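**Student:** Sharing a sequence plus its predicted fold:
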There are 4 protein chains.
Amino acid sequence: MTARRKLTYEILDIGNKQHTLGRVIDIFLIVLISLNVLFVILETLPSISALEHRWFYWFEVFSVIVFSIEYVARVWSCVEDEAINHKHPVWGRLRYMLTPLALIDLIVILPFYLSMMLVVDLRFMRVLRLLRVFKLTRYSASMSLLLQVLHREARSIGAALFVLFMLIIVASSLIYFAEHHAQPEVFSSIPAAMWWAIVTMTTVGYGDVIPITVMGKIMASVISIMSLGIVALPAGLLASGFSEAIRERRRTYEKMVNLALQDGE
Amino acid sequence: MTARRKLTYEILDIGNKQHTLGRVIDIFLIVLISLNVLFVILETLPSISALEHRWFYWFEVFSVIVFSIEYVARVWSCVEDEAINHKHPVWGRLRYMLTPLALIDLIVILPFYLSMMLVVDLRFMRVLRLLRVFKLTRYSASMSLLLQVLHREARSIGAALFVLFMLIIVASSLIYFAEHHAQPEVFSSIPAAMWWAIVTMTTVGYGDVIPITVMGKIMASVISIMSLGIVALPAGLLASGFSEAIRERRRTYEKMVNLALQDGE
Amino acid sequence: MTARRKLTYEILDIGNKQHTLGRVIDIFLIVLISLNVLFVILETLPSISALEHRWFYWFEVFSVIVFSIEYVARVWSCVEDEAINHKHPVWGRLRYMLTPLALIDLIVILPFYLSMMLVVDLRFMRVLRLLRVFKLTRYSASMSLLLQVLHREARSIGAALFVLFMLIIVASSLIYFAEHHAQPEVFSSIPAAMWWAIVTMTTVGYGDVIPITVMGKIMASVISIMSLGIVALPAGLLASGFSEAIRERRRTYEKMVNLALQDGE
Amino acid sequence: MTARRKLTYEILDIGNKQHTLGRVIDIFLIVLISLNVLFVILETLPSISALEHRWFYWFEVFSVIVFSIEYVARVWSCVEDEAINHKHPVWGRLRYMLTPLALIDLIVILPFYLSMMLVVDLRFMRVLRLLRVFKLTRYSASMSLLLQVLHREARSIGAALFVLFMLIIVASSLIYFAEHHAQPEVFSSIPAAMWWAIVTMTTVGYGDVIPITVMGKIMASVISIMSLGIVALPAGLLASGFSEAIRERRRTYEKMVNLALQDGE
């Protein structure tokens, strides 16, 4: 029993590449998740959603069954994890069930079972099904790298976002007082002016809300030039943190290879 | 008396974290300032401004009283500052009152008292009330960091802005001469063309002013490609200065921790 | 015969600058390729395409003849290449013919010969003729440098693109569920919402698809601020990789010069 | 005579800060140039151009006289320059007159004299008068720094621009073939599609030219994501080169200060 549990754990473990079966299951799950996301997207196309309702339903049932088996297997075998805090048969499993990845695994299958008992809003169901895209996080080194960078640079990125936030408030208030009388419909309130401020400061510039007074245009000019610098702050911090983390990982990898070579001599 | 003044100073000092009361007051003031800013923003929403006029008035009275007490307490206790230039009971306090942060503290309460004596434009009052957002600067390390970077990199950022300014003048003049005859309403003058130049060069691109002649489009193409580089200059300088300052601060902090550890040995 | 083949190889080799004839042929081919690309572009202008049909045809015949001779000469002389894998008279040549540059050389002349035997869609022909622009890659150090950087940084740029891809899916789904009921025509499906997501996240912001509900605007604000950072990732990685590669190349060049100077002493 | 010429040279020399008169003349010329640029801009405002025609004319006469005196003085005194190639009384002066700054000095006054003899197009005159803005280059360290960076990084920026140029050609051709049939008016030819390509790839995104077919939208998505990276190349190279040059200049300055301090010991 324990041997089988250990085997299950090793097969489901991503980093582990000993078992061919493990790799086959990884690929199978990645394909299944991708198809699920693809189908949520395609179902919204009127031409398709009308056509193949039945087919989509059975695919959904199949997916839920597979994801349920995966979830049960993961919870059952998690006690084999090297990490000490999952060792306990009950508390270890409960603790594992509260990790972000395990919670996502649960959330993406739960609505299906609920919908058999209760009447659930279909639209809400769809959004939950779309969450399956986050199951891919387990297989993506880049996503975990980004989360790690966000965690490490949290303070400085937060600082840059705070400055950005202050500028958005000041910019939207100034433009409101400048444009409110000329365009009472468009710049109806400061929250409405915030939409303009964000669209302008991120340089998206849809063109649905535009200052027309001379004063408003001068303000918009100053704000858009200032925001060039302010907006570059979080982007620059994230980019440099990301590239640094990648370099670090590469260096660690090279060190390991060197150590392995020295051991071999 | 002096002891009480010293205590007041220590409680109001941001960096000082000995007094629990000081931290409670910090949080209270941050919340009050944030609520003030939020209310100025919400008041502009038609649905809300009609509803709760009375409530907003009493909140304003309460805020002004708190900020007045804060201001008086700060001015009274500032002579306890380690900085030598505030020591003198009269001149020291006057000098303190002229620091940027103290001036903001005064400006955000003054209009209320003035409005009791004079008839003041309500719209102008609101703008002044919005200035309360800058009271948050005292509590934000990131804002002071940014100001510090702006100060240190002032010369090079100024240089980049001068180049940007030259390019705006040249770009708006060129497009004016190219498009004035085809669109006399839109490109009515060089100052009007400057609006186009800034919107294009910051890559906001609202689409309200667009060249239509072949010559104008060729110029706009060259200008927008050139501005990619020119506009990146101030942004890049600010971003690299900001990330350098953060790294420096971290290093200083680590040095202090190491020194403290060595002292402890 | 072998001597002539060696001479042909040396003349066609780009790096080789001994033969004046080689440099003349290089320039002639660059001009011919550029003219070809220019003509494909100009032919689409209604005023020109009507005018000089005959002239364009003979230029096309001339170009194909020159490119054919070039192709045959390259394939014939490729066995003189230092690279060991082209030495064999038959397999070496076949292997050479499968290199990307040789394939492009073939693809840009083949349609002409096919069109003499079969009825080929003229529009498709034009697209293939436009591929001639890629023949310039052989003469451009920057293009090969970029390809080299893309190859070296493939993993990290791929990682950044994966994150971007995830964000596009999540953003378009969220905006679809927020805006579908308010604008069923515009946000008709998630794939349609993807167009909005990409236009917004790259900060292009055409303004043809814009959220109008409060919920949609809040989501769009958050997405556009987040995407500032995410979108900067691949751009930053590519830019830093490119500038690093240029610095490396310069250093290699300087090392070579220094070695040459030391040898001379 | 020679002494007076030497004095004239020293007074007009920008770097030289010994003569108070020299600094006064510098400031006077900067103000005069700025006013000239400002007036060319203001004259295009309908309200102003109607009003003060006479006044503008006399200011123009005054400016041309001052700039003429400046030009003659510079040419006359240039032989005092330390640079060896201006020593000769005739050839040295001719060589000086062909430097870019001296040419600008000539071009901005010549049209006035020409207009007294010939009938010159007024619009063309204005453009030439606007060139006076480039006379400021002499006084701006940042402008000369930028030119220096452009010169030093010319090869790598040129490489990045070549890649950008290739992408513009490929992008505009692809979108032309995808959208020509759906929007024959808008995407009438590849040169017309280039306007779309540049507006999209620089992320300006006016919204005057937008793909509407599914194929066109997919292409536009891929192109705008790719261009994020390509467009960041020249911007990144310029920004890093600029910040490096500033750092270098600072280091040189510090070295000079240190040397001066050591000499003083």
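**Tutor:** Done, it's in.

**Student:** State the phi and psi torsions of the residue nearest the centre of chain A.
**Tutor:** With distances taken as Cα atoms, centre = their mean, the residue of chain A nearest its centroid is residue A:134 (6.0 Å). Backbone torsions of residue A:134, given as degrees, to the nearest 10, read phi -70, psi -10.

**Student:** mind listing what it touches?
**Tutor:** Taking Cβ atoms under 8 Å, 6 or more residues apart in numbering or on different chains, we find residue A:134 in contact with residue A:104. The way it works is simple: take the backbone N, C-alpha and C, and place the C-beta from them, glycine included.

**Student:** ok, now which ones touch whichever residue of the stretch 151-265 of chain A sits closest to chain B?
**Tutor:** Closest contact between the stretch 151-265 of chain A and chain B, by Cβ to the nearest Cβ, is at residue A:159 (2.9 Å). Residue A:159 is in contact with B:140, B:141, B:142, B:145, B:246, counting by Cβ under 8 Å, 6+ apart.

**Student:** the bottom helix or strand of chain A by mean pLDDT?
**Tutor:** Within chain A, no helix or strand scores below helix A:46-51, which has a mean of 68 by mean pLDDT, DSSP states H and E.

**Student:** and whatever helix or strand comes next after that one, how far out from the chain's middle?
**Tutor:** As assigned by DSSP states H and E, the chain's next helix or strand after helix A:46-51 is helix A:53-77. Distance, stretch centre to chain centre, for helix A:53-77: 21 Å (Cα atoms, centre = their mean, to the nearest Å).

**Student:** model confidence over helix A:53-77, on average?
**Tutor:** Averaging pLDDT along helix A:53-77 gives 87.

**Student:** ok, and for that helix, which residues are buried?
**Tutor:** Buried residues in helix A:53-77, counted by 16 or more other Cβ atoms under 10 Å in any protein chain shown: A:56, A:60, A:63-64, A:66-68, A:70-71, A:73-75, A:77.

**Student:** ok, now stretch A:232-252?
**Tutor:** Of all the residues in stretch A:232-252, those buried under the rule 16+ other Cβ under 10 Å are A:232-243, A:245-246.

**Student:** cool, stretch A:135-143 as well?
**Tutor:** For stretch A:135-143, by 16+ other Cβ under 10 Å, it's A:135, A:136, A:137, A:138, A:140, A:142, A:143.

**Student:** so what's the third one up against?
**Tutor:** By that I understand residue A:137. So residue A:137 contacts A:101, A:104, A:143, A:144 (Cβ under 8 Å, 6+ apart).

**Student:** Nearest to residue D:214 among those?
**Tutor:** residue A:143 (29.1 Å; Cβ to Cβ).

**Student:** where does residue A:184 fall, helix, sheet strand or coil?
**Tutor:** At residue A:184 the chain is in coil, as set by DSSP: H, G, I helix; E, B strand; the rest coil.

**Student:** Look up phi and psi at it.
**Tutor:** With angles defined as degrees, to the nearest 10, residue A:184 sits at phi -60, psi -30.

**Student:** burial of it, as a residue count?
**Tutor:** By the measure other Cβ atoms under 10 Å in any protein chain shown, the count of residues near residue A:184 is 10.

**Student:** cool, and residue A:101?
**Tutor:** For residue A:101, the number of neighbouring residues by other Cβ under 10 Å comes to 12.

**Student:** give the contact list for the residue in the stretch 1-150 of chain A that chain C sits nearest to.
**Tutor:** Proximity of the stretch 1-150 of chain A to chain C (Cβ to the nearest Cβ) peaks at residue A:142, 2.9 Å away. Residue A:142 is in contact with C:156, C:158, C:159, C:160, C:162, C:163, counting by Cβ under 8 Å, 6+ apart.

**Student:** Could you show which parts of the stretch 51-200 of chain A are in contact with chain B?
**Tutor:** For the stretch 51-200 of chain A, the contact set with chain B under Cβ under 8 Å from any Cβ of the partner chain comprises A:156, A:158-160, A:162-163, A:166, A:169-170, A:172-173, A:176-177, A:180, A:188-191, A:200.

**Student:** and if we set it to 10 Å?
**Tutor:** A:153, A:155-166, A:169-170, A:172-174, A:176-177, A:180-181, A:184, A:187-194, A:199-200 (Cβ under 10 Å from any Cβ of the partner chain).

**Student:** which regions of the stretch 151-265 of chain A lie under the pLDDT threshold?
**Tutor:** Applying pLDDT under 70 to the stretch 151-265 of chain A flags the ranges A:263-265.

**Student:** On the pLDDT front, check residue A:33 for me.
**Tutor:** On the pLDDT scale, residue A:33 is placed at 90.

**Student:** Over to the one 5 residues further on?
**Tutor:** The predicted structure scores residue A:38 at 88 on the pLDDT scale.

**Student:** separation between it and chain B?
**Tutor:** 33 Å (Cβ to the nearest Cβ, to the nearest Å).

**Student:** quick check, nearest of the contacts of residue A:159 to residue B:211?
**Tutor:** Of all the contacts of residue A:159, residue B:142 has the smallest distance to residue B:211: 40.0 Å, by Cβ to Cβ.

**Student:** any idea which of the contacts of residue A:137 is the one closest to residue C:116?
**Tutor:** residue A:143 (53.3 Å).

**Student:** does that closest one sit in a helix or strand, and which one?
**Tutor:** helix A:141-152.

**Student:** buried residues in stretch A:39-57?
**Tutor:** Applying 16+ other Cβ under 10 Å to stretch A:39-57 flags A:39, A:40, A:41, A:42, A:43, A:44, A:48, A:56 as buried.

**Student:** for stretch A:153-170, that is, sorry about that
**Tutor:** Buried residues in stretch A:153-170 (16+ other Cβ under 10 Å): A:153, A:156-157, A:159-164, A:166-170.

**Student:** Chain A - how does it break down into domains?
**Tutor:** Domain assignment for chain A by automatic domain parsing gives A:2-139, A:154-264.

**Student:** List just the one of those domains that sits closest to residue B:6.
**Tutor:** domain A:154-264 (31.7 Å).

**Student:** what kind of secondary structure is the residue of the stretch 101-250 of chain A at minimum distance from chain D in?
**Tutor:** Closest to chain D within the stretch 101-250 of chain A is residue A:207: 5.8 Å, counting by Cβ to the nearest Cβ. State at residue A:207, reduced to three classes by three-state DSSP: coil.

**Student:** wait, it sits on residue D:206?
**Tutor:** Yes. If you go by Cβ atoms under 10 Å, residue A:207 and residue D:206 touch, sitting 7.7 Å apart.

**Student:** Who has more neighbours out of the two?
**Tutor:** Between residue A:207 and residue D:206, counted using other Cβ under 10 Å, the more crowded position is residue D:206 (26 against 22).

**Student:** Next, see if the one helix or strand residue A:191 maps to gets close to chain C.
**Tutor:** According to DSSP H and E, residue A:191 maps onto helix A:190-201. Yes. For helix A:190-201, a contact with chain C is found by Cβ under 10 Å from any Cβ, at A:191, A:192, A:194, A:195, A:197, A:198, A:199, A:200, A:201.

**Student:** can you check stretch A:208-225 too?
**Tutor:** Yes. Counting by Cβ under 10 Å from any Cβ, chain C has neighbours in stretch A:208-225: A:208, A:209.

**Student:** Tell me the buried residues in that stretch?
**Tutor:** When neighbours are counted by 16+ other Cβ under 10 Å, the buried residues of stretch A:208-225 are found to be A:208-211, A:213, A:216-221, A:223-225.

**Student:** Same list (these) but as a markdown table, adding secondary structure and distance to residue C:24.
**Tutor:** Output for the buried residues of stretch A:208-225, formatted as a markdown table (DSSP: H, G, I helix; E, B strand; the rest coil; distance: Cβ to Cβ, whole Å):
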| residue | secondary structure | distance to residue C:24 |
| --- | --- | --- |
| A:208 | coil | 57 |
| A:209 | coil | 59 |
| A:210 | coil | 56 |
| A:211 | coil | 58 |
| A:213 | coil | 63 |
| A:216 | helix | 61 |
| A:217 | helix | 56 |
| A:218 | helix | 58 |
| A:219 | helix | 60 |
| A:220 | helix | 55 |
| A:221 | helix | 53 |
| A:223 | helix | 56 |
| A:224 | helix | 51 |
| A:225 | helix | 50 |
